[in-house]
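Trainee: When you get a sec, could you give me coordinates for this:
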Amino acid sequence: MITLRQLPYIDILSLNDMMSFDTKVNIIEHCKLARIDIPKSWRKAQIADALADIFTKDPLWTLEVLPEEELEILKKLLSSSTEECIKYPRNDAKYLLMQKLHLVVTYEAATEWHIFMPSSIRKVLDNVPLGAIHVKSEIPVTLKEKGDHINLIDILEHYPKLSQVAFFVTLELVNLNLGNKFPYEAFLPYIDDLQGLEEAMMKGAKQPTLERYAELLLMDMRTLYSSIEKMVPTLEGKDSSTLTDAQYDYAMHSGTMLNAMQKIFLRFHHIPSEDLAKMVLANKKKSGLLHFEELEKMAQEIAEELLMDLMKFTMGV
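Mentor: Residues are numbered from 1 along each chain as shown. Sure thing, here's the model as predicted:
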């Protein structure tokens, strides 16, 4: 939660400031509330950068967790000038979600909150159809409302089977764009099932067969994901110079894969499952290879974003 020490409110905070000018504990709480899976080993600045990037690319993902009352407050703020505020009864025992999600700046008066919206947030939300929030999406409400940590495989499991196929195809296309760096390259069960899916699609397999491969790949990925989650605590606090080359590469490639998975979810979240199914079934065969026009375009964009993320990481930005 970002608070003002005194009035008047001066509108100077960037989107990254909104995320980073809080404690790491509160920023991690933001991730949990917004169903965003962030590696626990990331530094505070990395998490803040990721949250700012996610909010810019898909603000609805964050806004969907807000109750109707808070959405109405957002609408009022958006229709007001930056200097104007909404006054709300102060309750230090129960902060608003919009405060915890770093959407507003708050001045704490004795009995009320003065809530302001920075231009950096306003700029992102100006063209967002707030009326579309809370419509049916791919992720079940039970997952959205669950307060515990939610991993990416739990989310994927609730996607329709052909949407899962679209996910695994896109993930592999990103992997190919990055030069086969993802850790599943050394995990034979996943590779075998991925090749089986490709061969089945080359032969024109029907939907039931594709759905069976979705089930197999989901089981494989859950096993791999679990091993990555167990690895993370063993590396926390360690200087990278103390790691072997193999450990460092595995950690970096695992982090890149998790980042890729999250970016795929961000794009899939507002694509109807029927359209994802069409993207899978509309594959074309050329020179002995399968081609997925829409998914390939998406994968290339994600790969470019990942390369930029890696560049920032290595430069310590």
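Trainee: Do a quick rundown of the strands in the protein.
Mentor: Ranges of strands in the chain, per DSSP state E, are 2-4, 86-89, 105-108, 112-116, 284-286, 289-291.
Trainee: Out of the ones you listed, flag the one nearest Phe268.
Mentor: Closest of the strands of the chain to Phe268 is strand 289-291, at 19.4 Å (criterion: Cβ to Cβ). Yep, even glycine has a C-beta here, placed from its N, CA and C like the rest.
Trainee: same for the closest one, what does it pack against?
Mentor: Other helices and strands packing on strand 289-291, by 3 or more Cβ pairs under 8 Å, 6 or more residues apart in numbering; DSSP states H and E, are helix 188-202, strand 284-286.
Trainee: Mean neighbour count, these: which tops it?
Mentor: By mean neighbour count, with neighbours taken as mean count of other Cβ atoms under 10 Å, helix 188-202 ranks first of those at a mean of 16.
Trainee: now the strands of the chain in TSV, with mean pLDDT and distance to His253?
Mentor: Formatted as TSV, those follow (pLDDT from 0 to 100; distance: least, Cβ to Cβ, whole Å):
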stretch	mean pLDDT	distance to His253
strand 2-4	91	35
strand 86-89	95	46
strand 105-108	96	39
strand 112-116	96	42
strand 284-286	90	29
strand 289-291	91	24
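Trainee: Of those, flag the one that's most buried.
Mentor: It is strand 112-116: most buried of the strands of the chain by mean count of other Cβ under 10 Å, with a mean of 21.
Trainee: How far away from the center of its chain is that strand?
Mentor: Remark: strand 112-116 is offset 29 Å from the chain centroid, using Cα atoms, centre = their mean, to the nearest Å.
Trainee: Export only the CA atoms of that strand, formatted as CSV.
Mentor: Taking Å, rounded to 0.1, in the frame of the first residue of the first chain, the C-alpha atoms of strand 112-116 are listed here in CSV:
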residue,chain,number,x,y,z
GLU,A,112,-11.1,8.4,6.5
TRP,A,113,-8.8,7.6,3.6
HIS,A,114,-8.3,10.1,0.8
ILE,A,115,-7.8,7.9,-2.2
PHE,A,116,-6.0,9.2,-5.3
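Trainee: which residues are in contact with that strand?
Mentor: Residues outside strand 112-116 that contact it (Cβ atoms under 8 Å, 6 or more residues apart in numbering) are 4, 7, 9, 11, 73, 77, 82-90, 96, 98-99, 104-107.
Trainee: And Ile38, what's its pLDDT?
Mentor: Looking at Ile38, its pLDDT reads 74.
Trainee: actually Met315, not the one I wrote
Mentor: pLDDT for Met315: 59.
Trainee: Ser241 too?
Mentor: On the pLDDT scale, Ser241 gets 70.
Trainee: Give me the distance between it and Asp309.
Mentor: 22 Å (Cβ to Cβ, to the nearest Å).
Trainee: Have a look at the two and say which one is more surrounded.
Mentor: Remark: of Ser241 and Asp309, Asp309 carries more neighbours, 20 against 6, as counted by other Cβ atoms under 10 Å.
Trainee: and the more buried one, what pLDDT?
Mentor: Note on Asp309: pLDDT of 77.
Trainee: number of nearby residues for Cys31?
Mentor: A count of nearby residues for Cys31, using other Cβ under 10 Å, gives 19.
Trainee: ugh, wrong one, I meant Asp126
Mentor: 9.
Trainee: count of neighbours near Asp53?
Mentor: By the criterion of other Cβ under 10 Å, Asp53 has 18 neighbours.
Trainee: oh, I was asking about Ser119
Mentor: So Ser119, with other Cβ under 10 Å, has 14 neighbours.
Trainee: what does Glu211 give?
Mentor: Neighbours of Glu211 (other Cβ under 10 Å): 15.
Trainee: Going along the chain, name the helices of the stretch 101-250 of the chain.
Mentor: For the stretch 101-250 of the chain, the helices defined by DSSP state H, counting those that start in this stretch cover 119-125, 141-145, 152-157, 161-177, 188-202, 207-235, 245-268.
Trainee: thought Lys263 was touching Glu305?
Mentor: Yes. Using Cβ atoms under 8 Å, Lys263 is in contact with Glu305, at 6.3 Å.
Trainee: Between the two, tell me which one has more neighbours.
Mentor: Lys263 (25 against 16).
Trainee: How about the contacts made by the more buried one?
Mentor: When contacts are counted by Cβ under 8 Å, 6+ apart, Lys263 touches Ile302, Glu305, Leu306.
Trainee: run the last query once more with 7 Å
Mentor: Counting by Cβ atoms under 7 Å, 6 or more residues apart in numbering, Lys263 makes contact with Ile302, Glu305.
Trainee: try Ser163
Mentor: Ser163 is in contact with Glu138, Phe268, Ser273, Leu276, Ala277, counting by Cβ under 7 Å, 6+ apart.
Trainee: now for the helices and strands packed on strand 289-291, which one comes closest to Asn127?
Mentor: Nearest to Asn127 among the helices and strands packed on strand 289-291 is strand 284-286; the distance by Cβ to Cβ comes to 34.2 Å.
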